[in-house]
Each structure stands twice: as C-alpha cells, then as structure tokens.
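J.: Show me how the following folds:
(one chain, ligands or ions: 3)
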Amino acid sequence: MANEPIEWMDEVSGICIVPIESAGAVDRALDVLFADGKSIRFEDCWLRDHCRCSSCYHSDTFQRAHHILEIPDATILSFEFDRKKIDVVWSDNHKSTYAAEFLYKFDYTTWKESRRLKPILWHGNIHDKISVVPMEKFLKSVDGARHVFQSLLDYGVALVEGVGVSLEETEVVCKLLGGVQHTIFGGMWQFTTRADHADTAYTNLPLAAHNDNTYFTEAAGLQILHCLEHKNGTGGETILVDGFYGALELKKEYPEDFKFLSSFNLEAEYIEPGHHHTYSAPVIRIDNETQELQQIRFNVYDRAAMAFKNSEECRSYYRSLRNLSKYYQDPSNQWRFKLKPGTVMIMDNFRVLHGRTGFSGSRVLCGSYVARSDWLDRARSLGLIQ
Ligand SMILES: C[N+](C)(C)CCCC[C@H](N)C(=O)O
Ligand SMILES: O=C(O)CCC(=O)C(=O)O
Ligand SMILES: [Fe+2]
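T.: Ligands and ions are numbered 1, 2, ... in the order given. Okay, here's the model as predicted:
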C-alpha cells in the first residue's frame, strides 16, 4: 500500500496524500502526491516546524514564533486532505493546515532550481547585449529598474545614461541600486590622480582586470563608476571581462588549476596608515553541491605575501593563477571602451573584473559600492529572482 496514490487530482494545486511505511513508521512522514505526478515526502519534524498557524508563525513579521528547542517532537495522529490543503492533528493535539501551493514549492529539485542564478557567459564586446537605460526610466518606472537589474543578473554589467555629471546625481543611481556601501574609501567616493588612499587606483597607472576588495570578508557586491571628466590627455580606457567565463574556460582546459583555485585559500591584503585588512578565501568560490560559480576574487596586486605548506602547493599557486590570468588578459575576451560623462557603469564585483589602461591628463571618476545583499534584495523585490 505504501506510495500508492489514493486519488489523482486534476490540477497542480490538487494534492493527494499517501501514508508511508518507510523506517517502519507510518506516522513519521507524509508522502504528498500532486496532480502533475510530482511526489514529495515531508518528514513530521519539517511539517511541525512549518506550521503556519498564528501561534507558530507571525504572519505580520514572517518569522517563526518558537525556538527550535520548543518545537515538540510530536507525531501525526491523523490527517485529512482535499485538493487545496492538508489538515494534520498532532499527538499533542496541536492542529496544522498546509496549503497545497505552499507544500508544492518544496520539491527539492524545483526549490533548488528556483534559487539558481542563471548568468549568461560572455566574452568580448557586449554593448549590444546589456541594458543601457535612460536615467528617467530607471528613476521612474519599474520596467526601467527591471532592465537594469536583469542585465546585472545576466551579464554582470549595466549602463545608465543621461545622468547629471556630478557626484550627487551619481548617488541617486547608487541609492536606487540598493544603497551606498560604506568602506575605508568612503561612501560615495570621487577620485583622480591625487593619492587620497594608498592605492594604485589613485594614480594614472594602468590596472589589469581585477575584482575589488579581495581583502574584505565580504567584497562589494556592485561597483559603480561614473567618469565626470577626462581632459587634456589620452588613455584611461575601461576594461571589463567576465570572470565566470574565464573560470569555466580554465575548468575545461586546466581542471587541476580550477580545482586548486576553488579550494586553496589565497590571502589578500590592504594596508594604509590606520588600516590593515586581510582575508583568505578561494579565488573561485563554487557551490559545493551544484559546482556552480558563486564568486571570483581575483586581484593580482592585492595578493598578500604567503607561506606554502610544500613546494607542490607553491607551484600550483603560480601555475593556476597564471593560467587563469591568460583568459582575463586575452584582449578577445575583454570589452574595452571609454567611459563618458553622463553614463554610469554598474558591474557585479562578484563576477566581472574591471581595469583601465594608463592615462594622461586630468581624469575624475566618482561612484560607490553597493553590498551584494542590498542589490539582490532590490532584484528580488522586483520579482526577478527568488
Ligand atoms: C574606492 N576606489 C574604487 C576608488 C578604489 C578602490 C581600491 C582598489 C583596491 N586596490 C581594490 O582593488 O580593492
Ligand atoms: O580608474 C578606473 O577606471 C578604475 C579604477 C579601479 O580599479 C577602481 O576604482 O576600483
Ligand atoms: Fe578596482
């Protein structure tokens, strides 16, 4: 009798329950069969923890009401179901109701898939693929905002044009993206060749493609750059490259190096008077279960001096970083363009690497960071991700 459907329903929200005898306990789990044929097993501990009654769950704050130690280890005494819900009576006489739509979301494969970000890999010039949204639209319409965030989710880059050429106007963009993230560099920053911080960004030297903040426990989520002026000089071209594309090329061609960079904790540091940040983590962060890419933490300049446990580890470090660098330094993988006053560039610092060519003349940029949690919060509120 176990796992035999009692009844088939004719709609996805219809549910059909079968008691199971797994582990010899018919009352320790429910098998719920949905009309589309999907069957999901819910353990009784999960069901009790997910009771949505007003004493178990505050529907106004969306928080559980009980500490995990207070949730009784009760068993299911009886249950009833119809197409829309299951009513459960527990051994301590508590009653719970579970809506079919609620339960349906917890099919593991569907749930895991719904949480997956789906970056579109790119190399070379992607000007025609990314969103270039006028400031007015970004500011005033949900549609405009969705375009910007969708482009960030897909390609890790978006442009907003028609922005007033000032730090204040740029700040409006940064706030709309989730809010200005404060760091040792400030909130909104403006920089030129004056050495306001002990960093090569504040010079006219070239910067090879890199991620910022590899030395923070949590790197900035987005980096926003707006070139306010560049006069009496040349150079200063922006370089962007998809960190995920390079990492996956490495995985194909040098699987050992991919393995090394996704497991070895590389230390990065930032030092200036009064500050000393360091952080150790893999250059390529992946989801251990799905193997999906989560973050690239690549900055050849901000690497700390390190000791290695043996010569093999030391040699792997240099070999794998050089091999990964080849993809990032390959001009055919890069998108190079000149930032113009009025166009704000936004990039996903967990994925896309940025750099610039050396320059002469007076070049002034402003911008800010936005925390990853804050921009994903906006994207989620706009209905673009779960
Ligand atoms: C604030 N501003 C963006 C101008 C500079 C950032 C500092 C750059 C640093 N080397 C890093 O890569 O994290
Ligand atoms: O000057 C630029 O275009 C970018 C410099 C840089 O890497 C940074 O500000 O993080
Ligand atoms: Fe940078």
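J.: Spell out which residues of this structure are next to ligand 1.
T.: 185, 189, 191, 199, 201, 210, 212-213, 299, 302 (C-beta under 6 Å from any ligand atom). In this view, the C-beta of every residue, glycine as well, is placed from N, C-alpha and C.
J.: which one of the residues you listed sits closest to ligand 2?
T.: Top of the list for closeness to ligand 2, among the residues of the chain next to ligand 1 and by C-beta to the nearest ligand atom, is residue 201 at 4.0 Å.
J.: got a pLDDT number for the closest one?
T.: Note for residue 201: predicted pLDDT of 95.
J.: what does residue 32 give?
T.: 86.
J.: how close does the spatially closest residue to residue 222 that is not a sequence neighbour get to ligand 1?
T.: Using C-beta to C-beta, 6 or more residues apart in numbering and skipping residues adjacent in sequence, the residue nearest residue 222 is residue 370, 4.1 Å away. Distance, residue 370 to ligand 1, using C-beta to the nearest ligand atom, to the nearest Å: 12 Å.
J.: Next, count neighbours for residue 370.
T.: Per other C-beta atoms under 10 Å, the neighbour tally for residue 370 reads 27.
J.: where does residue 317 fall, phi/psi-wise?
T.: Dihedral angles of residue 317 (phi, psi; degrees, to the nearest 10) stand at phi -60, psi -50.
J.: I figured it was touching residue 260, is that so?
T.: Yes. Between residue 317 and residue 260 there is a contact at 7.5 Å, judged by C-beta atoms under 8 Å.
J.: Looking at these two, which is more packed in?
T.: Legend: neighbour count by other C-beta under 10 Å for residue 317 and residue 260, higher for residue 260 (24 against 19).
J.: Now that one: which helix or strand?
T.: Assigned by DSSP states H and E, residue 260 belongs to helix 255-261.
J.: Please name the nearest non-neighbouring residue to residue 236.
T.: residue 359 (3.3 Å).
J.: Isn't that neighbour up against residue 192?
T.: No. Applying C-beta under 8 Å as the test, residue 359 and residue 192 come out as separate, 10.6 Å apart.
J.: what about the helices in the stretch 151-300 of the chain?
T.: 167-176, 243-253, 255-261 (DSSP state H, counting those that start in this stretch).
J.: if we can go back for a sec, now do the helix holding residue 260, average pLDDT.
T.: pLDDT averaged over helix 255-261 gives 98.
J.: Over to stretch 43-53?
T.: Per-region confidence: stretch 43-53 scores 96 on mean pLDDT.
J.: Could you do stretch 363-371 as well?
T.: Stretch 363-371 comes out at a mean pLDDT of 98.
J.: Report the backbone C-alpha coordinates of it in PDB.
T.: The C-alpha coordinates for stretch 363-371 follow below in PDB (Å, rounded to 0.1, in the frame of the first residue of the first chain):
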ATOM      1  CA  ARG A 363      40.600  62.200 -15.200                       C
ATOM      2  CA  VAL A 364      38.000  62.300 -12.500                       C
ATOM      3  CA  LEU A 365      35.700  59.400 -11.500                       C
ATOM      4  CA  CYS A 366      33.100  59.000  -8.900                       C
ATOM      5  CA  GLY A 367      30.900  56.200  -7.700                       C
ATOM      6  CA  SER A 368      30.300  53.900  -4.800                       C
ATOM      7  CA  TYR A 369      30.000  50.200  -3.800                       C
ATOM      8  CA  VAL A 370      26.700  48.500  -3.100                       C
ATOM      9  CA  ALA A 371      26.500  45.400  -0.900                       C
END
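J.: Show me what that stretch is in contact with.
T.: With contact meaning C-beta atoms under 8 Å, 6 or more residues apart in numbering, stretch 363-371 is reached by 167, 170-171, 174, 177-181, 183, 185, 187-193, 204, 212-213, 218, 220-230, 233, 236, 339, 344, 349.
J.: Next: stretch 249-258.
T.: Under C-beta under 8 Å, 6+ apart, the answer for stretch 249-258 is 247, 261, 284, 316, 319-320, 323-324, 327.
J.: Spatially, which two of those residues are the most separated?
T.: Farthest-apart pair in the contacts of stretch 249-258 is 316 and 327; separation 17.5 Å (C-beta to C-beta).
J.: Mind splitting the protein into its structural domains?
T.: 20-110, 132-382 (the TED database).
J.: Quick one: neighbours of residue 355, just the number.
T.: By other C-beta under 10 Å, neighbour count at residue 355 equals 18.
J.: next one: residue 215
T.: Neighbours around residue 215, by other C-beta under 10 Å: 22.
J.: my guess is it contacts residue 275, does it?
T.: No. Using C-beta under 8 Å as the test, residue 215 is too far from residue 275 to be in contact (9.9 Å).
J.: Okay, now the unreliable bits of this protein?
T.: 1-27 (pLDDT under 70).
J.: follow-up on the earlier one: neighbour count and distance to residue 41 for the contacts of stretch 249-258 - can I get that in JSON lines?
T.: Output for those, formatted as JSON lines (neighbours: other C-beta atoms under 10 Å; distance: C-beta to C-beta, whole Å):
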{"residue": "247", "neighbour count": "25", "distance to residue 41": "36"}
{"residue": "261", "neighbour count": "27", "distance to residue 41": "38"}
{"residue": "284", "neighbour count": "29", "distance to residue 41": "35"}
{"residue": "316", "neighbour count": "18", "distance to residue 41": "43"}
{"residue": "319", "neighbour count": "14", "distance to residue 41": "46"}
{"residue": "320", "neighbour count": "23", "distance to residue 41": "42"}
{"residue": "323", "neighbour count": "19", "distance to residue 41": "45"}
{"residue": "324", "neighbour count": "25", "distance to residue 41": "42"}
{"residue": "327", "neighbour count": "22", "distance to residue 41": "44"}
